[in-house]
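**Student:** Prediction below, plus the sequence it came from.
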There are 2 protein chains.
Amino acid sequence: MVTFLAGGTGTPKLLYGGNSVFEPSSSPVVCNTGDDVEMGGLIVCPDVDTVLFSEAGLLDRERWWGIADDTTETHGTVRTLADEAGLEAGPRYLPEDAQTSGREIARWRRFSGVAEFMQLGDRDRAVHVTRTGLLDEGRTLTEAVDVLAEGLGVDRPVLPMSDDPVATIVHTDEGPMHFQEFWVHRRAEPAVDSVEFRGAAAAEPTDAALTALEEPVVVGPSNPVTSLGPMLAMDRFREALEATTVVAVSPFVEDRVFSGPAGELMAATGREPSTAGVAEAYPFADAFVLDDDDGTDLDRPVVRTDTELGTPADGRRVCAAVRTALERAGAEVA
Amino acid sequence: MVTFLAGGTGTPKLLYGGNSVFEPSSSPVVCNTGDDVEMGGLIVCPDVDTVLFSEAGLLDRERWWGIADDTTETHGTVRTLADEAGLEAGPRYLPEDAQTSGREIARWRRFSGVAEFMQLGDRDRAVHVTRTGLLDEGRTLTEAVDVLAEGLGVDRPVLPMSDDPVATIVHTDEGPMHFQEFWVHRRAEPAVDSVEFRGAAAAEPTDAALTALEEPVVVGPSNPVTSLGPMLAMDRFREALEATTVVAVSPFVEDRVFSGPAGELMAATGREPSTAGVAEAYPFADAFVLDDDDGTDLDRPVVRTDTELGTPADGRRVCAAVRTALERAGAEVA
């Protein structure tokens, strides 16, 4: 068993094509849930779903989110209705008291469905409807995701990092905003002061996640701040990583990032936006996989390959490098 | 001004084609909300929406509910997911404590979104998403429906009977069930013992509805038990009808009903399932419109016409008869 940590698109890209290197049913993925929101009453888990859809062969691999060839009848009509009725688009946070009432899991990240600032595809929405229904029926998020995985025919265990609410709040020069407002609606434009993982102090990793973390762990080429940050903000999660063998794939080539807002967010949170900064952010990592063009000198074992990801051949190549790095770090990989 | 009461399809059919007889902007419709449910977190108001969609020219006039040519991508995927995951279809009531928590308007009629026992079209769903968002933002149901009417370009005032929750619960030989379970899922098969309008004793008609009820009122050919019953269960609503001129269109031709479960429900609630039973159920009615073939002898003025409805010509003809009946009953109709 080898366990992968996922947030955003890095790990799904890494695992795309990697099944011959890491057999899916014995390679669970623990997913960030700090990006999750409740929108229009639906619990939307972008990082969990990217893994589910990728594993189910449904993922839109142009965007690396949502379902390929999905329609947007509902979303389009929601937007038209808001427009015709003169309702302002953009994130519509629910009132303060609604943020913490009802569903515990939805705290601090509840948006009205009016004008839906995030695009939800019609089939994608069905996944949110079903997940939310399962939660409302009393299941945990872990159980709900497990049911979805079964419904979608996914072999790989897909595990939310926690069944408790954690909300990534980006504090900017324009005030605090949920990560999805910052990223989807504002396209990472506001200047970042700091990043808060609201709820993390009270949140616990799930038993399933902790069990998975007893195995060697691979941190995909994810954003250390907003993809890994919510996990690392939970003491028991961080301690579990300290206790096992960890290999991390750098999301940078030296100081060049492959995609996403990792650079700005690392700089804003006092990290060097580079492979060196990632190594500093991951003191628990025992070895690294870096790009061939990345000459960063690290104090831990390094395996180099072309870390560009996107095709099955890419995934297979980088997974093979990850496997070598795990062995260098002393992990026993079946 | 003339105000129409609507539940189900009777009044939308009556008004379809009737604009030359009753000008829409001065002919509000007060709608039953006893059929409303919360499903998968969405507040669904079937009777309100049939009027909205009919007025907007969007209604599916084969079924007389939903939007014409709507797709069902989300609903279909929800069903498939439940099926693949081995989750039982049919109404999935939320747990008892969830029935009365959170949104006040959703009490006693909350269903999980898992396997959605009611079909929601994709564009139809957008209306529910927007309405629910408006409610969550703090608007009343009346305000939310008004915004939807604006968004859909509807001129006619469409007024929910109440902003308070009222749930039509059908008590059957198989136990109590929400009207939508009885009607949509069970197709009115269980034997009915009684019908309860849960919440009605504490519910109030809205100010907008009460103002509209100061005008002459037309009761469309609706089911007296489940379409009108929730309205009549509110004291102030019934008193308002007693104080104004009311014309009712019988949903029967003697003892033959045009559509829907009116017959069974009237019999079960101690009413004769016939025009005579309707007249008894509507002591506040001052005149009736009956079918040409309906020889029922009533103690109040009667205007007869062909009361079959479905086409614009039908609506125009029956609306003209309604207008004559209003005049016979002494109403001043501009």
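**Tutor:** Perfect, thanks for sending it.
**Student:** What segments of chain A are helices?
**Tutor:** A:10-15, A:46-55, A:73-84, A:96-99, A:122-136, A:141-152, A:179-180, A:207-212, A:229-232, A:235-243, A:262-268, A:275-281, A:312-328 (DSSP state H).
**Student:** now the shortest one: mean pLDDT?
**Tutor:** In this model, helix A:179-180 carries a mean pLDDT of 96.
**Student:** which other helices and strands contact that helix?
**Tutor:** Under the contact definition 3 or more C-beta pairs under 8 Å, 6 or more residues apart in numbering or on different chains; DSSP states H and E, helix A:179-180 sits against strand A:167-172. Where C-beta positions appear, they are placed from N, C-alpha and C, glycine not excepted.
**Student:** residues in contact with the strand it packs on?
**Tutor:** A:34-36, A:107-109, A:176-179, A:181-182, A:190-199, A:226, A:229-230, A:265 (C-beta atoms under 8 Å, 6 or more residues apart in numbering or on different chains).
**Student:** For PyMOL, what selects the buried ones among these?
**Tutor:** Those of these that count as buried under 16 or more other C-beta atoms under 10 Å in any protein chain shown are selected in PyMOL with:
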select buried, chain A and resi 34+35+36+107+108+109+177+178+179+181+182+190+192+195+196+197+198+199+226+229+230+265
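**Student:** Pipe the helices of chain A into a markdown table and attach distance to B:K13 per row.
**Tutor:** Shown next, in a markdown table, are the helices of chain A (distance: least, C-beta to C-beta, whole Å):
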| stretch | distance to B:K13 |
| --- | --- |
| helix A:10-15 | 52 |
| helix A:46-55 | 43 |
| helix A:73-84 | 25 |
| helix A:96-99 | 39 |
| helix A:122-136 | 30 |
| helix A:141-152 | 40 |
| helix A:179-180 | 44 |
| helix A:207-212 | 55 |
| helix A:229-232 | 54 |
| helix A:235-243 | 60 |
| helix A:262-268 | 58 |
| helix A:275-281 | 66 |
| helix A:312-328 | 57 |
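**Student:** circling back: show me the contacts of strand A:167-172 that map onto strands.
**Tutor:** A:P176, A:M177, A:H178, A:V192, A:D193, A:S194, A:V195, A:E196, A:F197, A:R198 (DSSP state E).
**Student:** what subset of these is also close to chain B?
**Tutor:** Among these, no residue sits close to chain B (C-beta under 8 Å from any C-beta of the partner chain).
**Student:** from those residues, which single one is nearest A:L81?
**Tutor:** A:H178 (23.3 Å; C-beta to C-beta).
**Student:** contacting residues around the nearest residue to the closest one once chain neighbours are set aside?
**Tutor:** Using C-beta to C-beta, 6 or more residues apart in numbering or on different chains and skipping residues adjacent in sequence, the residue nearest A:H178 is A:R109, 5.3 Å away. Residues near A:R109 by C-beta under 8 Å, 6+ apart: A:D36, A:V37, A:E38, A:Q99, A:P165, A:A167, A:H178, A:Q180.
**Student:** roughly how far apart are A:R109 and A:G315?
**Tutor:** Separation of A:R109 from A:G315 (C-beta to C-beta, to the nearest Å): 31 Å.
**Student:** next one: A:D306
**Tutor:** Counting by C-beta to C-beta - A:D306 and A:G315 are separated by 12 Å.
**Student:** Same question for A:G260.
**Tutor:** Distance from A:G260 to A:G315, by C-beta to C-beta: 18 Å.
**Student:** now do A:Y16
**Tutor:** 4 Å.
**Student:** Need the residues touching each of those two.
**Tutor:** With C-beta under 8 Å, 6+ apart, A:Y16 and A:G315 have common neighbours A:L309.
**Student:** Run a quick neighbour tally on the nearest residue to A:R323 once chain neighbours are set aside.
**Tutor:** Leaving aside its chain neighbours, A:R323 sits nearest to A:V21 (5.7 Å; criterion: C-beta to C-beta, 6+ apart). A total of 19 residues lie near A:V21 under the criterion other C-beta atoms under 10 Å in any protein chain shown.
**Student:** same thing with A:P95?
**Tutor:** Quick note: A:P95 (other C-beta under 10 Å) scores 12 neighbours.
**Student:** excluding its backbone neighbours, what's nearest it?
**Tutor:** B:G138 (6.0 Å).
**Student:** so who does the closest residue in space to A:L210 that isn't next to it in sequence touch?
**Tutor:** Take A:L210 and drop its neighbours on the chain: the residue closest to it by C-beta to C-beta, 6+ apart is A:A240, 5.8 Å away. With contact taken as C-beta under 8 Å, 6+ apart, A:A240 is in contact with A:P205, A:L210, A:L213, A:E214.
**Student:** mind checking how far the last one is from A:A203?
**Tutor:** Using C-beta to C-beta, one gets 20 Å for the distance from A:E214 to A:A203.
**Student:** Tell me which of those two has more neighbours.
**Tutor:** Between A:E214 and A:A203, counted using other C-beta under 10 Å, A:A203 has the larger neighbour count: 24 against 12.
**Student:** ok, the more buried one touching A:L141?
**Tutor:** No. Counting by C-beta atoms under 8 Å, A:A203 stays clear of A:L141, with 11.4 Å between them.
**Student:** overlap in contacts of the two?
**Tutor:** Shared contacts of A:A203 and A:L141 (C-beta under 8 Å, 6+ apart): A:S162.
**Student:** Model confidence at A:D97, what's the number?
**Tutor:** With respect to pLDDT, A:D97 has a value of 87.
**Student:** quick one: low-confidence parts of the stretch 1-150 of chain A?
**Tutor:** Residues of the stretch 1-150 of chain A that meet the criterion pLDDT under 70 are absent altogether.
**Student:** what's near enough to touch A:E332?
**Tutor:** By C-beta under 8 Å, 6+ apart, A:E332 lies in contact with A:P216.
**Student:** In terms of pLDDT, where does it sit?
**Tutor:** For A:E332, pLDDT reads 85.
**Student:** what separates it from chain B, distance-wise?
**Tutor:** Counting by C-beta to the nearest C-beta, to the nearest Å, the gap from A:E332 to chain B is 35 Å.
**Student:** Which part of the stretch 201-334 of chain A gets nearest to chain B, residue-wise?
**Tutor:** A:A208 (17.8 Å; C-beta to the nearest C-beta).
**Student:** what sits against that residue?
**Tutor:** Contacts of A:A208 (C-beta under 8 Å, 6+ apart): A:P28, A:T142, A:P157, A:L159.
**Student:** Next, the contact list for the first one, please.
**Tutor:** Which is A:P28. Per C-beta under 8 Å, 6+ apart, neighbours of A:P28: A:M1, A:T3, A:F4, A:R156, A:P157, A:V158, A:L159, A:A208, A:A212.
**Student:** Give me the more crowded residue out of A:D306 and A:G315.
**Tutor:** For A:D306 versus A:G315, the count of surrounding residues by other C-beta under 10 Å is larger for A:G315: 22 against 13.
**Student:** burial of the closest residue to that one other than its chain neighbours, as a residue count?
**Tutor:** In space, and not counting its chain neighbours, A:G315 is closest to A:G17: 3.2 Å by C-beta to C-beta, 6+ apart. Using other C-beta under 10 Å, A:G17 is surrounded by 19 other residues.
**Student:** Excluding chain neighbours, what is closest to A:P28?
**Tutor:** A:P28 sits nearest to A:P157 (C-beta to C-beta, 6+ apart), 3.7 Å away.
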